[in-house]
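Chemist: Sequence first, then the predicted structure, then my questions.
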Amino acid sequence: MITIDSNFSPEFQASIKAGIALIDKIWPITQTLTFTPIRGRTRNGWCRRDDENTPLYTIGINKNLVNPNDIIEVVIHEILHSYAETCYDHHGGEWKKRADIINQRYPDIHIQRTGHLKKNISDYKTFVMCNNCEHIYGYTNTPYTLLKSIARNEGRFRCGQCNSSDLVKISKATALEIEAEKAKQKEREIV
Ligand SMILES: [Zn+2]
Ligand SMILES: [Zn+2]
């Protein structure tokens, strides 16, 4: 059985389901999975075994992810940890074998062994900002579907922080400026 926490937005849930479908096609999921939203700037996701004797897992997925492809990759990465054959392998052994198979079968998917969220805004190439809460999302790869949706004003994607669909593409210079201003404001708050 698979449960997806209703605190994920409908769009986010759709991406989780897309990830589940891709991996279930190759290695049918019989284990019990519960998807739960996590926050923070350090981890994309985690997978935790909840019981030693039954295949019961909780999978945390970072709510800050907005690019559907990123979500799908993290979902597959974490589900890969939850099979009887892979659950003691960390990122080697059967886990790695299966990740390689996925990467070969789906050209858009790149399962990585470690997927830490980048901490420094200058590490990114493309930037999308939420006009409502000013949260900035950075991408190392161009998020084509997201940018197309923004350009066409389709409102298909939502901010993982405030759920607003008022997203806008910004330049790197603007992103750095806004982040610097936010940092200054934070300093003032501490003082
Ligand atoms: Zn992992
Ligand atoms: Zn927002």
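Modeler: It's in. Ligands and ions are numbered 1, 2, ... in the order given.
Chemist: Can I get stretch 98-109 in CSV, CA atoms only?
Modeler: C-alpha atoms of stretch 98-109 as CSV (Å, rounded to 0.1, in the frame of the first residue of the first chain):
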residue,chain,number,x,y,z
ARG,A,98,19.0,-0.7,-10.3
ALA,A,99,19.7,3.0,-10.4
ASP,A,100,21.9,2.4,-13.5
ILE,A,101,19.0,0.4,-15.1
ILE,A,102,16.6,3.3,-14.5
ASN,A,103,19.1,5.8,-15.9
GLN,A,104,19.5,3.8,-19.1
ARG,A,105,15.8,3.1,-19.6
TYR,A,106,14.6,6.7,-19.0
PRO,A,107,16.8,9.3,-20.7
ASP,A,108,15.2,12.2,-18.8
ILE,A,109,15.9,10.6,-15.4
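Chemist: and the helix or strand of the chain with the lowest mean pLDDT, how far out from the chain's middle?
Modeler: The least trusted helix or strand in the chain, going by mean pLDDT, DSSP states H and E, turns out to be helix 172-190, with a mean of 82. Offset of helix 172-190 from its chain centre (Cα atoms, centre = their mean, to the nearest Å): 24 Å.
Chemist: Which neighbouring elements make contact with it?
Modeler: On a contact count with 3 or more Cβ pairs under 8 Å, 6 or more residues apart in numbering; DSSP states H and E, helix 172-190 meets strand 126-130, strand 136-139. Any C-beta I mention is one placed from the backbone N, CA and C, and that applies to glycine too.
Chemist: Measure how far the last one is from the centre of its chain, please.
Modeler: The offset between the C-alpha centroid of strand 136-139 and the centroid of the whole chain comes to 12 Å, using Cα atoms, centre = their mean.
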